[in-house]
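A.B. asks: sequence isn't available, so here's the structure alone:
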């Protein structure tokens with residue numbers, strides 16, 4: 001049976017008027033949608049963000065906890081700037097750990113307020129580069145100690161954290177100097 005198509009089949013071959021805006025907008029939608037699937041731009045971490053990463057990966061978080069609150073046997077980092085008023089002493093403490101600090105100073109205490117030893121629980125992080133050491137100390141002092149970004153201390157820590165200067169360039173802190181630690185301890 002050949003013949004003229006009936007009216008119903010003729011209507012099925014055309015696009016309904018209500019679908020025309022969809023057909024016109026579909027390519028625009030596809031373009032916008034595929035643009036959202038592009039990979040995010042590769043953003044470098046700031047030195048403080050990098051310090052946070054090191055704080056976790058080096059294991060600091062396992063003792064001092066994510067909020068820096070510490071525990072009964074581990075001091076809180078919320079007082080880090082009172083314990084270590086000079087960031088250089090703080091960096092040296094992290095690099096040497098308390099056994100290294102005690103070996104270098106002969107003291108059974110640490111920090112500006114001469115805190116009692118915690119039985120050698122603070123490990124040495126001598127494997128951290130100057131940049132990494134400065135990044136984690138910068139993170140601890142900013143995040144837990146409230147260090148202001150406009151201070152000279154922040155600028156110096158940032159310079160070490162970005163490799164613009166070394167820990168040796170910054171020199172020893174007051175506590176280390178008063179305790180008789182020599183410059184050799186600055187090199188990791």
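C.D. replies: Cool, the structure landed. Please read all numbers here as calculations on a predicted model, not as lab measurements.
A.B. asks: which elements pack onto the helix ranked longest in the chain?
C.D. replies: Secondary structure of the chain per DSSP state H: the longest helix is helix 87-105. Where contact means 3 or more C-beta pairs under 8 Å, 6 or more residues apart in numbering; DSSP states H and E, helix 87-105 is packed against strand 109-110, helix 130-139, helix 152-161, helix 167-170, helix 174-178. Any C-beta I mention is one placed from the backbone N, CA and C, and that applies to glycine too.
A.B. asks: how far does stretch 138-157 sit from the chain's center?
C.D. replies: Relative to its chain's centre, stretch 138-157 lies at 13 Å (C-alpha atoms, centre = their mean, to the nearest Å).
A.B. asks: equivalent analysis for stretch 58-70, please.
C.D. replies: 13 Å.
A.B. asks: list the buried ones in the longest helix of the chain?
C.D. replies: In terms of neighbour count (16 or more other C-beta atoms under 10 Å), helix 87-105 has its buried residues at 87-98, 100-102, 104-105.
A.B. asks: please apply the same query to stretch 64-75.
C.D. replies: In stretch 64-75, counting by 16+ other C-beta under 10 Å, buried: 64, 68, 70, 75.
A.B. asks: for that stretch, give the mean pLDDT please.
C.D. replies: In this model, stretch 64-75 has an average pLDDT of 89.
A.B. asks: and the contacts of that stretch?
C.D. replies: For stretch 64-75, contacts defined as C-beta atoms under 8 Å, 6 or more residues apart in numbering pick out 63, 76-78, 80, 83, 115, 118, 121, 140, 143-144.
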